Every structure is written in structure tokens, then in C-alpha cells.
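Q: Predicted model, plus sequence, below.
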Amino acid sequence: MSAVGAATLAAVLGLAACGGGNGDTTSDPGSGEGAEGTGAAAGGLQCSSESVADEQWSAAEPVTFSMLWTDWPENPITDDWILFDEIAERTNVTLELTNMSFSDAEERRSLLISAGDAPQIIPLIYTGDERQYAASGAVVPLSDYSDYMPNFTKYVQEWELEDMVENLRQADGRYYMTPGLQEVSVPVFTLIIRQDIFDEVGAPAPETWADLREGLELIKEAYPDSRPLADGFEGHSMWNYASHAFGTVAGWGFGTGMWFDEDADEFVYAPTTDGYREMVTYFHDLADDGLLDTESLTDANDGMGTVTEKFASEQVFAASGASGTVQEFAQALDAAGVTDYELTQIAPPGGPAGQVVEPRNFWNGFMLSSHAAEDENFCDLLHFVDWLYYNPEAREMLQWGIEGEHYTKDDDGTITLNPEYSLESFNINVGAETDIGDLGFSNDVLAGSTESRALKESYNAPEFVDYIDTVLSTRTPRDPFPNAPLTEAQLEQAALWGTPLKDTVDTATLAFIIGQRDLSEWDAFLGQLESQGLSSYEDLVNEARENAENAG
């Protein structure tokens with residue numbers, strides 16, 4: 001699954017690295033033409049052609065740019081891929097790829113960037129990933145060149161994401177990556193439930209985690225051999241989307257571990273909050289009562305193995321997943337001979353902090369390696385990545401292929417895949433002769449990064465559209481945290497404290513939940529964190545926040 005792979009790579013949100021001020025600190029960064037277009041010599045850079053938002057861009061002469069590419073095991077590049085030919089046809093740009101395997105992608109990427117050997121375009125970057133490279137000057141300050149990215153500028157403004165982009169600024173006032181933009185803020189991962197079983201036992205609609213527990217208890221009574229709730233991502237997915245409702249951060253969303261306490265007007269370490277302990281206690285109690293499948297918290301199976309099998313054998317009736325996971329569970333149930341079932345992707349349940357979910361208007365984006373700015377075609381490179389990541393027609397092509405050849409589009413915008421093509425990962429035209437994924441479209445590196453609501457809904461099932469509607473109408477995204485950018489020296493010091501602290505938190509969280517450590521030892525756990533430099537770590541982050549405010 002694209003969502004599974006992307007989430008595994010993410011160093012999700014946490015503290016947004018950002019700085020003060022509303023403008024760049026450099027002089028004359030661009031032409032000032034903004035979203036409308038960039039001229040052939042905008043801001044001093046020599047551009048071979050003009051770039052205009054929502055219009056096809058093409059270099060005046062053929063040009064080659066290099067890109068780092070992650071090979072997903074289930075969708076490797078083959079000779080049948082026509083994606084890159086189509087990109088070249090539309091833009092006059094040939095992409096020269098440096099391939100790396102999914103299993104060691106983060107480590108390989110870090111080594112390449114640190115050694116100065118990274119390709120020009122570095123995709124699959126999540127907010128926070130860029131901090132260390134920005135501080136060392138290994139990547140381009142993209143905020144200096146926003147005027148060369150008219151599509152990015154337009155959709156940041158149109159989708160009202162300006163404040164979130166400001167939160168990308170580092171200690172020097174610049175931002176060094178641009179994220180994929182999502183028109184609607186909807187959590188990617190949440191709970192998928194066997195709605196028919198919840199209805200069968202008379203379970204309440206799981207609007208809150210308390211409601212969910214009541215339903216799990218009723219299911220356990222009816223199916224005593226089950227452990228009805230599972231995660232499949234070693235707990236990190238479930239703790240991420242659950243944490244916001246408890247007023248904390250955890251799991252994939254742990255990031256730097258900092259939580260902004262609005263009452264105290266300062267950052268505190270999330271595991272020291274009452275909300276974190278409440279969340280851990282909630283899942284501990286589920287595990288203790290046989291309602292939580294603890295194997296799914298310890299088996300490293302990327303969510304696609306054991307839990308899917310247990311879902312199919314009706315040992316698990318609610319589990320973490322994304323929209324594509326619904327299809328996986330459905331296919332597994334069909335293969336197991338379960339014919340009468342209903343799956344529902346529910347909005348993340350609310351909790352003590354309210355009906356709150358994570359802010360999800362950003363997804364993976366890109367950085368440019370510092371040596372890219374030395375390329376004589378640097379302006380064309382900026383225009384190209386702006387087109388690739390933010391132009392609506394480019395985004396549609398990356399997802400669906402070539403209009404007329406692979407799909408048709410009605411006057412109302414409805415996209416229909418031609419009958420000879422399938423997109424089996426989303427259960428579309430299953431059994432057709434050719435899957436568009438085998439042609440390079442709907443791939444894990446580029447597709448899905450930036451999406452309008454219409455594009456997101458175009459390839460998802462109607463049930464996912466209902467999920468979007470439910471989240472938008474019943475849940476509130478948590479406010480982004482204040483700016484707290486760290487300098488290079490502060491980042492090094494933060495890593496010396498933050499890494500062992502997180503290791504301790506990860507170990508203790510799992511131990512408390514599965515019962516290897518008694519909850520009566522919570523104060524001892526907090527004492528352990530304090531002995532590892534917790535107070536100094538908090539002081540460092542709060543100092544960075546104050547510096548950012550003063551600079552603003």
C-alpha cells in the first residue's frame with residue numbers, strides 16, 4: 001500500500017521547524033509575479049520559458065535532471081513504465097534516477113545527502129525531515145525561490161495554507177522543503193471496523209474511545225476467542241490518531257516529543273502530560289481485558305500480514321488502516337469465504353480532549369540538494385518540480401495516466417478508467433488486462449502527494465468519500481504548534497537528549513500497555529526521563545520558541 005509505505009518513511013509532523021517573519025531574509029528572491037507566472041529572467045535567474053499556474057510548462061530545450069527514487073517491493077520500476085516518457089513528452093525534461101530500496105531508504109538518503117552525492121530532486125520528504133539538512137546547508141532554501149513556483153503559491157493561497165507554510169521556516173527564517181498540499185485535512189490512518197458485527201452485537205457508534213470500548217466488550221462476549229482490536233503497525237499508527245483525542249502526541253506523530261501546553265504557554269514533553277498517561281492507561285486496560293490484540297503491537301509485519309489474516313478469520317473486528325486497507329481486508333474476507341460483511345472506515349474517535357484529529361493538510365513533498373542551485377538550468381528545475389508537484393493536470397496524470405488512452409473524464413469531472421485498465425490497489429476494474437500501476441502511474445513516490453478533494457475522491461470508494469464528509473463535519477483538526485526552530489548547534493544538542501528520551505518512551509509505552517510494566521511505576525518512568533536530561537531538553541525548545549517570537 002502506498003499509504004503504508006509512506007507512513008513508514010514519515011518522521012511525521014511533531015514540531016514544525018519554522019522561524020519568525022512573513023518574508024524571506026534574502027534580497028530580491030524573485031520577480032514578485034507570484035501565482036500568475038514567472039518571466040524568462042525573473043529575479044535574475046535565466047529561465048528558458050515562462051511558468052504560469054495551472055498551465056502546461058515545458059523547457060525550451062531538452063534538459064535532464066536527477067531524482068532520488070525509492071523502489072517499493074510491490075511496485076518496482078520495469079521496462080513497461082511509460083510514466084517517465086510521458087513526463088518528458090509534456091515538459092522536455094528527462095529524469096535520471098538514483099534508485100534505492102525501500103528497506104533502507106532513510107539511511108541511504110541520509111548518507112547521500114551528507115556526502116554531497118544526492119541527486120538534485122529528493123522526494124518523499126515529510127515536514128521535519130529537512131531540519132538536519134537545512135541546518136548544515138545541504139539543501140536549497142526553497143523559500144528564496146517561491147516566485148518561481150506559481151502553482152505552489154496559488155494552491156497555498158487558495159487552500160488557505162499560508163500559516164502552515166510559515167511554520168516550515170527554520171531558525172534563519174527560510175524553509176527548505178515544500179510539502180505535498182492536501183485541500184482537505186483528513187487523517188490518512190484511522191480505524192476500519194466490521195460494521196455488521198458492531199451492529200449485530202448492538203454496539204454504539206464509536207464516536208469516542210469510550211464508545212469503542214463498550215462495543216469491543218460486546219463483541220468479546222459474542223466472540224470469546226477474539227481479541228477484537230488490533231493495529232498492525234506495532235501500535236504506532238493507533239497511538240498516533242488516538243493521541244490527539246487525549247490531548248497529546250504519540251506513535252508516528254511523536255516527532256520531537258514536544259506538546260504545546262496552552263495554559264502554561266510553553267512546550268512540555270508529551271509523555272509527561274496527563275493526556276499521555278490517560279491514553280496509555282486506556283490501551284493497557286483494553287489489553288488487560290483481552291480486547292486488544294497485543295501481538296499486533298509487537299509483530300513487525302507492516303500491517304499487511306498477521307492482522308489481515310486475523311481480520312479474515314474473524315479474530316479481529318477493528319484495526320488500523322487507510323482507504324486501501326479496506327480493500328485488503330475485503331479481499332481477505334472474500335478469500336476466506338466470508339460473504340456477508342460490511343466494512344466502515346470511521347472518523348478517529350474523540351476523547352477527553354474532544355473530537356480532535358491531527359492536522360493533515362501536508363503530505364510528502366521534496367527538497368533540492370544544494371548543488372542543484374549551481375545547475376545552469378536551475379530556473380527550469382524550479383519550474384519543473386513546481387509543475388510536477390502542484391499543477392492539477394500533472395497530478396491527475398500521475399494518478400490516472402493519459403486522458404483518452406487510460407481514462408476518460410466527464411464534463412462534471414468524473415474520471416472513469418478505461419475497461420482494459422485496472423487499478424487493483426483501489427479495487428478498480430479488477431481483472432483487466434493491464435494495471436496502470438504497472439505503467440508507472442499511481443506510484444508510491446509521486447502520486448498522492450498533492451491532491452485536490454476531487455482528485456482524492458476520484459480513485460477512492462464511495463465509502464471513503466463518506467469518511468471525508470464525516471471527518472470534516474464532526475472532527476476539528478488540532479491547531480499547529482507555535483514556531484520553535486533550532487539552529488544547527490541546537491539540533492545537535494537536541495538529538496543528544498531527544499534520541500535516548502524517545503527510546504525510553506517507546507520501550508516504556510509498549511511495556512505499560514501490554515502489561516510487562518505495572519502502571520504503578522509511572523512516576524519512576526518520569527524520573528527516568530528526568531535523569532536523561534528532560535528539563536534541559538524542554539528548556540532548549542522553549543528557548544528556540546522565544547527566539548522565533550522575538551525575531552518575528
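A: Done, it's in. Residues are numbered from 1 along each chain as shown.
Q: Please give me every residue in contact with Pro261.
A: Let me fix one detail, which is that residue 261 is Asp and not Pro. Residues in contact with Asp261 (Cβ atoms under 8 Å, 6 or more residues apart in numbering) are 267-268, 273. Any C-beta I mention is one placed from the backbone N, CA and C, and that applies to glycine too.
Q: Top of these by number of neighbours, please.
A: Phe267 (24 neighbours; other Cβ atoms under 10 Å).
Q: Which neighbours in the sheet does the helix or strand encompassing that residue have, and how are they oriented?
A: Here Phe267, judged by DSSP states H and E, is contained in strand 266-269. Here strand 266-269 is paired, per DSSP bridges, with strand 258-261 (antiparallel).
Q: How far off centre is the strand holding Phe267?
A: In terms of Cα atoms, centre = their mean, to the nearest Å, the centre of strand 266-269 is found 24 Å from the chain centre.
Q: what residues does it touch?
A: The contact list for strand 266-269 (Cβ under 8 Å, 6+ apart) reads 15, 257-261, 481, 484, 501, 529, 534, 537-538, 541-542, 545.
Q: Emit the ChimeraX select command for whichever of the residues you listed are buried.
A: Of these, the buried ones go into a single ChimeraX selection, burial set by 16 or more other Cβ atoms under 10 Å:
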select :15,257,258,259,260,481,484,501,529,534,537,538,541,542,545
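Q: Mind checking which of the contacts of strand 266-269 are in helices?
A: Among these, the ones falling in helices (DSSP state H) are 501, 529, 534, 537-538, 541-542, 545.
Q: ok, back up a step: output the following helix or strand past the strand holding Phe267 as PDB, restricted to C-alpha atoms.
A: Next helix or strand after strand 266-269 toward the C-terminus (DSSP H and E): helix 274-288. Provided in PDB are the C-alpha atoms of helix 274-288 (Å, rounded to 0.1, in the frame of the first residue of the first chain):
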ATOM      1  CA  ASP A 274      -1.800  13.700  31.900                       C
ATOM      2  CA  GLY A 275      -3.200  13.000  28.400                       C
ATOM      3  CA  TYR A 276      -0.400  10.600  27.600                       C
ATOM      4  CA  ARG A 277      -0.900   8.700  30.800                       C
ATOM      5  CA  GLU A 278      -4.600   8.600  30.100                       C
ATOM      6  CA  MET A 279      -4.000   7.200  26.700                       C
ATOM      7  CA  VAL A 280      -1.600   4.600  27.900                       C
ATOM      8  CA  THR A 281      -3.900   3.500  30.700                       C
ATOM      9  CA  TYR A 282      -6.800   3.200  28.200                       C
ATOM     10  CA  PHE A 283      -4.900   0.800  26.000                       C
ATOM     11  CA  HIS A 284      -3.400  -1.000  28.900                       C
ATOM     12  CA  ASP A 285      -7.000  -1.700  30.200                       C
ATOM     13  CA  LEU A 286      -8.100  -3.000  26.800                       C
ATOM     14  CA  ALA A 287      -5.100  -5.300  26.600                       C
ATOM     15  CA  ASP A 288      -5.700  -6.500  30.200                       C
END
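Q: Return the list of helices and strands in contact with helix 274-288.
A: Applying 3 or more Cβ pairs under 8 Å, 6 or more residues apart in numbering; DSSP states H and E, we find helix 274-288 packed against helix 209-222, helix 236-243, helix 488-514.
Q: helices and strands around the longest one, which ones?
A: Think helix 488-514. helix 131-135, helix 274-288, helix 295-298, helix 522-531, helix 534-551.
Q: picking that back up, can you tell which of the helices and strands packed on helix 274-288 is closest to Leu297?
A: helix 488-514 (6.3 Å; Cβ to Cβ).
Q: and that closest one with helix 236-243, angle?
A: Helix 488-514 and helix 236-243 are oriented at 90 degrees to each other (axes from the mean of the first three to the mean of the last three Cα atoms, to 10 degrees).
Q: And helix 488-514, what's buried?
A: For helix 488-514, a neighbour-count test (16+ other Cβ under 10 Å) marks 488, 490-491, 493-494, 497-498, 501-502, 504-506, 508-514 as buried.
Q: returning to what we had before: pick out the most distant pair among the ones in helices among the contacts of strand 266-269.
A: Farthest pair in these (Cβ to Cβ) is Leu529 and Arg545. Separation: 20.3 Å.
Q: Which one of the ones in helices among the contacts of strand 266-269 is nearest to Ser58?
A: For those, the minimum distance to Ser58 (Cβ to Cβ) is 44.0 Å, reached by Arg545.
Q: Now for the closest one: which residues touch it?
A: Residues counted as contacts of Arg545 (Cβ under 8 Å, 6+ apart) are 266-267, 482-484.
Q: Tell me the one of the residues you listed nearest Ser48?
A: The nearest one, if we look at those relative to Ser48 and count by Cβ to Cβ, is Asn483, at 36.7 Å.
Q: Check the spacing between the closest one and Ser369 real quick.
A: 25 Å (Cβ to Cβ, to the nearest Å).
Q: same thing with Arg108?
A: Going from Arg108 to Ser369 by Cβ to Cβ gives 14 Å.
Q: Neighbour count for those two, which is higher?
A: More neighbours surround Ser369 than the other of Arg108 and Ser369, with 22 against 17 (other Cβ under 10 Å).
Q: nearest residue to the more buried one other than its sequence neighbours?
A: Ala118 (4.4 Å; Cβ to Cβ, 6 or more residues apart in numbering).
Q: Then Pro141?
A: Nearest in space to Pro141, with sequence neighbours left out and distances taken as Cβ to Cβ, 6+ apart, is Arg174 at 3.9 Å.
Q: The one you found falls within a helix, correct?
A: No: applying DSSP: H, G, I helix; E, B strand; the rest coil, one finds Arg174 to be coil, outside a helix.
Q: Tell me, how many residues neighbour it?
A: For Arg174, the count of nearby residues is 21 (other Cβ under 10 Å).
Q: was I right about it contacting Ser143?
A: Yes: with contact defined as Cβ atoms under 8 Å, Arg174 and Ser143 form a contacting pair (4.6 Å).
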